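S.K.: Okay, predicted coordinates and the sequence, questions at the end:
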There are 4 protein chains.
Amino acid sequence: MKETVILDGKSLTRQELEAVVYAGARVEIQEEALIRAQEARKTVLFLTDSQKQIYGMNTGLGANKDRRITQEEFEKFNRQILYSHSVAILPLADQAWVRAAMLCRLNSFLIGTAGVQTEMILLLKEFLNQEITPLVPARGSVGLADLGNMAFLGLAMIGEGEVEYQGQKLKAQEALKKAGLKKLTLGPKDGLPMVSSNMFSVGKAALLCGKIRDLIEMSETVYAMGLEAQSYNPVFIDQRTLKITSHRGHRESLAFVNQCLEGSSIYHNGNETLYGALSFKSTCGVMGSIRDGLHYLESVVDGYLNASEDCPAVLAEEREIVSTDFFIVTGLAAALEMMDILLCHMAGLTANRIMRMCKEEFSGLPRFLRPEPSVIGYGTMQKTVAAVYNEIRHLANPASMDYFPTANESEDYGCMTPYLLLKTEKMLENLYTLTAMEAMYAAQASECQEGLVRGKGTLYAYQKIREATKRIQQDDQILGFEIEKVSSLIREKKIIADEGEHDKKGSI
Amino acid sequence: MKETVILDGKSLTRQELEAVVYAGARVEIQEEALIRAQEARKTVLFLTDSQKQIYGMNTGLGANKDRRITQEEFEKFNRQILYSHSVAILPLADQAWVRAAMLCRLNSFLIGTAGVQTEMILLLKEFLNQEITPLVPARGSVGLADLGNMAFLGLAMIGEGEVEYQGQKLKAQEALKKAGLKKLTLGPKDGLPMVSSNMFSVGKAALLCGKIRDLIEMSETVYAMGLEAQSYNPVFIDQRTLKITSHRGHRESLAFVNQCLEGSSIYHNGNETLYGALSFKSTCGVMGSIRDGLHYLESVVDGYLNASEDCPAVLAEEREIVSTDFFIVTGLAAALEMMDILLCHMAGLTANRIMRMCKEEFSGLPRFLRPEPSVIGYGTMQKTVAAVYNEIRHLANPASMDYFPTANESEDYGCMTPYLLLKTEKMLENLYTLTAMEAMYAAQASECQEGLVRGKGTLYAYQKIREATKRIQQDDQILGFEIEKVSSLIREKKIIADEGEHDKKGSI
Amino acid sequence: MKETVILDGKSLTRQELEAVVYAGARVEIQEEALIRAQEARKTVLFLTDSQKQIYGMNTGLGANKDRRITQEEFEKFNRQILYSHSVAILPLADQAWVRAAMLCRLNSFLIGTAGVQTEMILLLKEFLNQEITPLVPARGSVGLADLGNMAFLGLAMIGEGEVEYQGQKLKAQEALKKAGLKKLTLGPKDGLPMVSSNMFSVGKAALLCGKIRDLIEMSETVYAMGLEAQSYNPVFIDQRTLKITSHRGHRESLAFVNQCLEGSSIYHNGNETLYGALSFKSTCGVMGSIRDGLHYLESVVDGYLNASEDCPAVLAEEREIVSTDFFIVTGLAAALEMMDILLCHMAGLTANRIMRMCKEEFSGLPRFLRPEPSVIGYGTMQKTVAAVYNEIRHLANPASMDYFPTANESEDYGCMTPYLLLKTEKMLENLYTLTAMEAMYAAQASECQEGLVRGKGTLYAYQKIREATKRIQQDDQILGFEIEKVSSLIREKKIIADEGEHDKKGSI
Amino acid sequence: MKETVILDGKSLTRQELEAVVYAGARVEIQEEALIRAQEARKTVLFLTDSQKQIYGMNTGLGANKDRRITQEEFEKFNRQILYSHSVAILPLADQAWVRAAMLCRLNSFLIGTAGVQTEMILLLKEFLNQEITPLVPARGSVGLADLGNMAFLGLAMIGEGEVEYQGQKLKAQEALKKAGLKKLTLGPKDGLPMVSSNMFSVGKAALLCGKIRDLIEMSETVYAMGLEAQSYNPVFIDQRTLKITSHRGHRESLAFVNQCLEGSSIYHNGNETLYGALSFKSTCGVMGSIRDGLHYLESVVDGYLNASEDCPAVLAEEREIVSTDFFIVTGLAAALEMMDILLCHMAGLTANRIMRMCKEEFSGLPRFLRPEPSVIGYGTMQKTVAAVYNEIRHLANPASMDYFPTANESEDYGCMTPYLLLKTEKMLENLYTLTAMEAMYAAQASECQEGLVRGKGTLYAYQKIREATKRIQQDDQILGFEIEKVSSLIREKKIIADEGEHDKKGSI
């Protein structure tokens, strides 16, 4: 990953985000962009004594829009905004999430429509570079700007609340001192842009895109293991069909699976029957649609990553501040809901594959893949498969539609993005477990298949799985423990070789 | 609309589909495409006595793949396929739906992977051109090819079942005779491609795209009526914000609403407060996301309209028939689920706008828009608004995830497209009612606003509404009847001027 | 059924309701009860010029509570109530539903808390006895009194709107004349009690209880057919286990199934293995829980059938009119939601049984129950099973939680009962189809089992099924048509012998 | 609470369960019951060399029923059962849950249908009395006996896995030694009854009943605070209406609220208007239905607490072991699903009350209850209210219907009870937060109401709330922290006085 990311408010990528969030890449600000942000600030200062109502600058917020704020009140009013908006509730967001939110908001400050003081921009950059991470509760936003969460970032900047710094939980004020930083003094229109941002959602969504892509690749790898273990007719992954399909995801999935199986005996197993289950025969078709859904989500996230979200927005050239709809992120909510439904389709496919593999009639292998009848083996683990699938199905129900009007009904729309993200994350966690179980079944199945030669990718995965959990032979195992071990393997993406990963991503 | 549509299996558009389905445009087949289809047929005939298992040609179907079909059995076997697959159940699909299915399947036959006899292709064309429309039940498919529905098209072609012809319900055989057409005699691999097609779903989805677009425009028109009627500050639809948004749908929505309000007094009403409800202030932001969702659905539908769906697929050049995943339409299912969720967001916005308009505090108009206190007016109609919203919310729950493995578990994946379409259609029907009620409220509101000058589009809509239902003045009305009248107006898209409509669509 | 039902406001049963609704039993009013109702009316008249606000008598409704109604306005105001509350929308409720609503409201008028004029009570009785049935749209209520629907009953009584009378659709005024009845002139507090009633929901719920009970019995009958056809080990329905179960429904189900199988060869088939699927082995356990759920729903419905629903309620003894919560029917909503979930469990069980029956490994019968391999038979019909199950699963999602505050947020609670009823009814309709398909499979299965002797109940059902649809032998059938025929059989409860039916119900 | 609970397999109450689980009451076994259990064991031993297939005794489990187990294999086979069934996954169930499961299973062993060795019964008793609590993962069961969870109890008894003992996490073997207990040696039919039990679900459900009751009372208490704070007309809680209602829950709710308000100024506030929101006026009606739903859940749980769940079940008198459906707990699943829907209704009511309280038009108090305009106060916290409501709404979606057939489709029914319980618990956790926020609003509201005299119960609650969080006066607060504090208060049921609590429960 590159070591420095230069922000300009226009071109932040998900890859750069990951570099900063996970790999500690340094953040710099493009000069031109900083000037743009400062021009916006000038407009704000120019307009502070305008007679016109400018929302959140010289007016109260929400249903209190009718209150007038004077110059003397700016510092206190903006501080009150941070206090009163810090309504988010536990659990805490993890460090990656908070860093993503900071980076994204920092980037969107540079679009030049926020108008906050330069010190706020620079301090946010320092938080990222010195790895000062405010403690931010994850829940409480309705996706109409993540007010309650973003307020905790603002609090840390004025030296209130707590942060994580150098591996410790510290009072913000103390951490600032240790890091040699000065806390902010708020001025006009500093509070509102700080809280009125969806970047807590957008940043997290960007991170989840990467996790979903990883999961797709791991699921396809484990699928390839099972395909090979059962000696399916290779015609079902025949790449010649690609020339007559126009679906991008389908092409990617077929290519990935074939790449995984490079060198495998499956291509020469002599099985010419068409018998088998759709969950094995048409996997690439379904996974292709799931990949297409992810492409859509990625394109939506990319759109929001570099879009102004300020309301009101400063138009520096016109020396005006205008009302906007830019805090609306319904597009993100909808794409996430669709993704969750697709993830449930993936889970169904996985669960079905497990059930079919256990069945001698389909797999040609011993029932429940038992090496000998006196062992019970993986039979009962099917219940865990069904239970985890069930949980995924429940989580996949949509959640963006049930907003409750607030602010005396003046805020009568919301789309609940942070909860959607938490639910997607919980689905992923369950999918790790489900994929882990499929990996256990597929590894065991492959050992039942005589004469098997593994492909490049399936061999790698097989070895990692066997480092984590032993084959069932003479004795039964306490399976709950084994499931947890393999789940960790999946969560950390250990079953796919690291080298060349990024090339691979790029090449499709 | 153009009068003839030439099919080539590669370039069918939704506009052409509408022309054939609704306006009776004639269908022709491009010569090159017909030759391609015939080449595929030759491959089929060449392979009929191959030793290799070719699914549905010389093997049984589904879990009966292990049965071998001989040459002598072709006619009977393919007829049995039509019989045994005609498992769809009532209600009947309407004529437009069936015509769409026929046109789309005719087009996809021309891709050259189906390999059916030329007579089948030509007869399907005649069905369209002579307006012979088989009676096809709408339910029963699991979205894994619409077997149960498509079978009824096949039945009509061999002179069985019933059709609609010249305004009458006739036996298929009789209609063929009247129209001077010969019924088909089935040969090898004729039955499977006829039934194993998702075009019953894809064709309907294409039609629904048009209906959703119409609804969006009507909803925005009625929204504009209310905005104007309540003299909202025009800053909320200020097009200057467009230069800093990158969301396509948002731009379209803002442009459409402003076009509707051309000439309206709203631009000069002197209201400079920022007070109001989000359902009026941020409508274009949300509608923009809904429009973006529709763009995605359209792109997905367009992809399927010209894609091979044959499994197995004939590769004429290679003289082979290969297994494929082309019958998987998960991408369509997911896009429909997302659309339904977005339609529910639209419904929530509509319902909220109605509630806000009735409230003097928001609208500045009399409570419940009553012209005088002795009239109850539209107060109780809010219950109908809430009831219809509730129904929409219920329908918006996803339905693609709950498939049930069939064919002795060998068909363990499905994505339920036809039910999704029926549910989208039912949501639209409810949205017509909801939009109709908003139209009644908005028209009444506009009459309470002194000095109002209507915009071009809002005036047109207002006049149409007042032709359908009278203003409430001295007396209460039996409102259920009025709601039905205005719902018809919306269902038939009467509140938007026809001229230039298509230009308008094209111009965005 | 008894020929006259005497109402007293305290003891109306579901059986009496069915007698009046379906079998045209005459309705009489107990004298004491009529006097009680008249005492309430006296209190109303006594209080008409009270200074105290009495909701809906001398005040406006809903958010218009602050308006004062004078004596001169009573007729017009109460008429306006009917007009403005007639906000229900299509489709029309069927005749049985409307009659149920009328009977239940008539009964609850006799509790003596409504205070309507005697003429209204007597006219409602005449509507029932002379079979004058107003046309009432079914949708539009939020379950907070079925205002929009009940208003149409009131309209008919004042000679407005339309009714069904002697097989014809007539203007209400005309029908009244034909029947020799006088239309009502409304007085104080006549309108509100007419519209502010949940009896449109409660009456329908009572009818659905009967339909659900019928369905349960038919489902158990068809289950018994399959059990017998596959020669399951009779131990799974061994009644000795009853002495150690305390679940009422379980006992009922086991008893019913054994009664059905009286005389069957299943008891002597010599099958002592424990092999089989839970959907066959544990059916009585699950059906028992479903029966228990129905018992709960019945007890809830019975509670509402004879409960005051008036708000405000007249306390004749105290000569007062007090505010109440009696229009809240959350208990009914919750019981319906639970019932729907249980109906979906029933559907899942049914669908699973069908899949297992088709599988030689479970049934010991030919695959897909094909009499010979050249017939495709009922294989593809499994898709329809899966599609119908999916629809049931979707409908089973709850719908009572998504109310939308109305009346300027003063009516901020609702529980959506009429939509719940429509959804339950739609689920039943789908369950008829599903049960019909199971009946087709089970009949075919029984013909594959040599040496089968049918039980009393299973024989009866078998014969009826075979009158409706033929066995599959040499040829495939157009199955969609067959499914519709058998569905009608189930819908009309033709597969269970009529004689003794009521005794049977009573005896448990 | 009483100090010793004597178990007899017939009469365990939820109160006794709470005494053992929470208050460490000692457990004794009734002599007669122990003899009954031992008679069952004798039957097992008598039948061990029977030729008849006895499931799980001399046959394999699930789809391996066809395997025959010999006498020599008993120990190993039963140990393998424990190993292979220990498929539950994290997180761990808390101590109370595990103790509840142990107590309930111990009790159901005494019914005399399990037939396990006496040592197992006595050891389970010791685990309870010496507070040895196995570590049991909470997820992984499909509600068809909680195999995966119960297996961990069995493991601890044979000295495997881990337990909590004397505040430490220890290896089971070590803890047994410390406690002076001998680990079990398994014999015939010991493993199956240990794992094949739903008591992990039933025990937890019993505990949740108590938590739901507590929540209802707290919610009604906080409701009463708001009612009083806003000086609602006391007619809305007029107990005279009780004489005409037959709904048990309604009576209880009205009584509880009036008891809370004993001594309050609300009864003499002179407010005679009928104005207000249903969420305040009809609360007791809705809460009554929720209480009725809880009564149903309680009755269902009570039914399962003392019911045999053994399959196969030993019939000691007949010296037989018969197959049963007793492991089916659909009734519990359905009652839980209904309860969750009702809890969501409660949440909606709560959220609506908060919104109405903040609105001067309804409350007669300052907007958002701000003591002065320069404070923002509790305005933004409404977002957290909406977010938490949304989460509750999502969780309330049913989860029992989406089982996935396992064991080669032979186990084709499940009802997912443990996940239902986890979801109910998560809903309760969210409802604590929601109720906490209502408490904050109501306390603040009460301070805005001049001349208020609090009732006995509302005063108590008010004081506790003010100990936890300060009134908002001159300055804004970081509200996220305050919400957490008050949530803890609610979670621990601190706002209701302890004394007399049980009398109160008993008295209704």
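M.R.: Nice, I can see it. Bear in mind the structure is a predicted one, so any value in this text is a computation, not a measurement. Numbers count the residues shown, from 1 in each chain, chains lettered A, B, ... in the order given.
S.K.: could I have stretch A:295-303 exported to CSV, CA atoms only?
M.R.: Once side chains and other backbone atoms are set aside, the C-alpha atoms of stretch A:295-303 remain, and they are given as CSV (Å, rounded to 0.1, in the frame of the first residue of the first chain):
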residue,chain,number,x,y,z
HIS,A,295,-20.3,-3.5,-7.8
TYR,A,296,-23.4,-1.4,-7.4
LEU,A,297,-22.9,-0.8,-3.7
GLU,A,298,-19.3,0.2,-4.4
SER,A,299,-20.3,2.6,-7.1
VAL,A,300,-22.8,4.2,-4.7
VAL,A,301,-20.3,4.4,-1.9
ASP,A,302,-17.7,5.9,-4.2
GLY,A,303,-20.3,8.5,-5.2
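S.K.: how many neighbours does the nearest residue to A:Ile328 once chain neighbours are set aside have?
M.R.: Setting aside the residues directly before and after it, A:Ile328 is nearest to B:Gly285 in space (Cβ to Cβ, 6 or more residues apart in numbering or on different chains), at 3.4 Å. To be clear about C-beta, it is placed using only N, CA and C from the backbone, and glycine gets the same treatment. Look at B:Gly285: counted by other Cβ atoms under 10 Å in any protein chain shown, it has 27 neighbours.
S.K.: Then the one 4 residues further on?
M.R.: Each residue near B:Ser289 was counted by other Cβ under 10 Å, and the total is 28.
S.K.: ok, back up a step: which strands and helices lie in contact with the helix or strand in which the residue nearest to A:Ile328 is found?
M.R.: B:Gly285 is located in helix B:283-305, with elements delineated by DSSP states H and E. Here helix B:283-305 is seen to pack against helix A:283-305, helix A:330-357, helix B:14-23, helix B:199-229, helix B:248-260, helix B:330-357 when contacts are counted using 3 or more Cβ pairs under 8 Å, 6 or more residues apart in numbering or on different chains; DSSP states H and E.
S.K.: that older thread, check contacts around the residue nearest to A:Ile328.
M.R.: B:Gly285 makes contacts with A:Asp325, A:Phe326, A:Phe327, A:Ile328, A:Thr330, B:His250, B:Ser253, as judged by Cβ atoms under 8 Å, 6 or more residues apart in numbering or on different chains.
S.K.: farthest pair in those residues?
M.R.: Across these, the longest distance by Cβ to Cβ is 15.8 Å; it joins A:Phe327 and B:Ser253.
S.K.: Between those two, which is the more surrounded one?
M.R.: The neighbour comparison of A:Phe327 against B:Ser253 (other Cβ under 10 Å) goes to B:Ser253, with 27 against 20.
S.K.: Where does the prediction get shaky in chain A?
M.R.: A:1-2, A:63, A:499-508 (pLDDT under 70).
S.K.: Show me how far the helix holding B:Gly285 is from its chain's centre.
M.R.: From the chain centre to the centre of helix B:283-305 is a distance of 13 Å (Cα atoms, centre = their mean, to the nearest Å).
S.K.: which strands and helices sit next to the helix or strand following it?
M.R.: Sequence order places strand B:313-315 as the next helix or strand after helix B:283-305, per DSSP H and E. For strand B:313-315, the elements it packs on are helix B:31-47, strand B:320-322, judged by 3+ Cβ pairs under 8 Å, 6+ apart.
S.K.: can you pull the contacts of the closest residue to A:Leu369 other than its chain neighbours?
M.R.: Spatial nearest neighbour of A:Leu369, excluding adjacent residues (Cβ to Cβ, 6+ apart): A:Gln444 at 4.6 Å. By Cβ under 8 Å, 6+ apart, the residues touching A:Gln444 are A:Leu369, A:Gly377, A:Tyr378, A:Arg471, A:Ile472.
S.K.: again with A:Arg99
M.R.: Shown here is A:Arg99, whose contacts under the criterion Cβ under 8 Å, 6+ apart are A:Val20, A:Val21, A:Leu128, A:Thr133.
S.K.: distance of the third one from A:Pro193?
M.R.: In this case it means A:Leu128. Taking Cβ to Cβ, to the nearest Å as the criterion, A:Leu128 is separated from A:Pro193 by 18 Å.
S.K.: between those two, who's got more neighbours?
M.R.: A:Pro193 (28 against 22).
S.K.: Hmm, that one is touching A:Pro312, no?
M.R.: No - the pair A:Pro193 and A:Pro312 does not pass the contact test of Cβ atoms under 8 Å, sitting 9.6 Å apart.
S.K.: Give me the residue at the spatial middle of chain A.
M.R.: Averaging the C-alpha coordinates of chain A gives a centre point, and the residue nearest to it by Cα atoms, centre = their mean is A:Leu208 (1.2 Å).
S.K.: State whether that residue and A:Glu425 are indeed in contact, as I suppose.
M.R.: Yes - using Cβ under 8 Å as the test, A:Leu208 is close enough to A:Glu425 to be in contact (6.7 Å).
S.K.: do stretch A:237-244 and chain B meet at all?
M.R.: Yes - for stretch A:237-244, a contact with chain B is found by Cβ under 8 Å from any Cβ of the partner chain, at A:Asp238, A:Arg240, A:Thr241, A:Ile244.
S.K.: For that stretch, buried residues please.
M.R.: In terms of neighbour count (16 or more other Cβ atoms under 10 Å in any protein chain shown), stretch A:237-244 has its buried residues at A:Ile237, A:Thr241, A:Ile244.
S.K.: and the end-to-end length of stretch A:358-365?
M.R.: According to Cα to Cα, to the nearest Å, stretch A:358-365 extends 8 Å from its N-terminal end residue to its C-terminal end residue.
S.K.: same thing with stretch A:451-458?
M.R.: Across its full length, stretch A:451-458 reaches 15 Å between end residues, using Cα to Cα.
S.K.: rewinding a little: format the helices and strands packed on helix B:283-305 as a markdown table; extra columns: distance to C:Cys344.
M.R.: Formatted as a markdown table, the helices and strands packed on helix B:283-305 follow (distance: least, Cβ to Cβ, whole Å):
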| stretch | distance to C:Cys344 |
| --- | --- |
| helix A:283-305 | 25 |
| helix A:330-357 | 18 |
| helix B:14-23 | 36 |
| helix B:199-229 | 24 |
| helix B:248-260 | 37 |
| helix B:330-357 | 19 |
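S.K.: Which residue, other than its chain neighbours, is closest to A:Gly364?
M.R.: Setting aside the residues directly before and after it, A:Gly364 is nearest to A:Gln230 in space (Cβ to Cβ, 6+ apart), at 6.4 Å.
S.K.: Please determine how far the one you found is located from chain C.
M.R.: Distance of A:Gln230 to chain C, computed by Cβ to the nearest Cβ, to the nearest Å: 19 Å.
S.K.: Wait, that residue touches A:Lys281, no?
M.R.: No - the pair A:Gln230 and A:Lys281 does not pass the contact test of Cβ under 8 Å, sitting 11.2 Å apart.
S.K.: Overlap of the contact sets of the two?
M.R.: Shared contacts of A:Gln230 and A:Lys281, counting by Cβ under 8 Å, 6+ apart, come down to nothing at all.
S.K.: How many neighbouring residues does A:Lys183 have?
M.R.: By other Cβ under 10 Å, 15 other residues sit near A:Lys183.
S.K.: can you confirm it is in a strand?
M.R.: No - going by DSSP: H, G, I helix; E, B strand; the rest coil, the assignment for A:Lys183 is coil, not a strand.
S.K.: domains in chain A, as residue ranges please.
M.R.: Domain assignment of chain A by automatic domain parsing yields the ranges A:4-197, A:208-507.
S.K.: With distance to D:Ile216 added, can I get the ones you listed in JSON lines?
M.R.: As requested, the domains of chain A are arranged in JSON lines below (distance: least, Cβ to Cβ, whole Å):
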{"stretch": "domain A:4-197", "distance to D:Ile216": "23"}
{"stretch": "domain A:208-507", "distance to D:Ile216": "21"}
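S.K.: Tell me which of the ones you listed sits nearest to C:Leu186.
M.R.: When the domains of chain A are compared by Cβ to Cβ, domain A:208-507 sits nearest C:Leu186, at 35.1 Å.
S.K.: right, quick check: stretch A:187-196 against chain D, any contact?
M.R.: No - contact between stretch A:187-196 and chain D, assessed by Cβ under 8 Å from any Cβ, is absent, since the two come no nearer than 8.6 Å.
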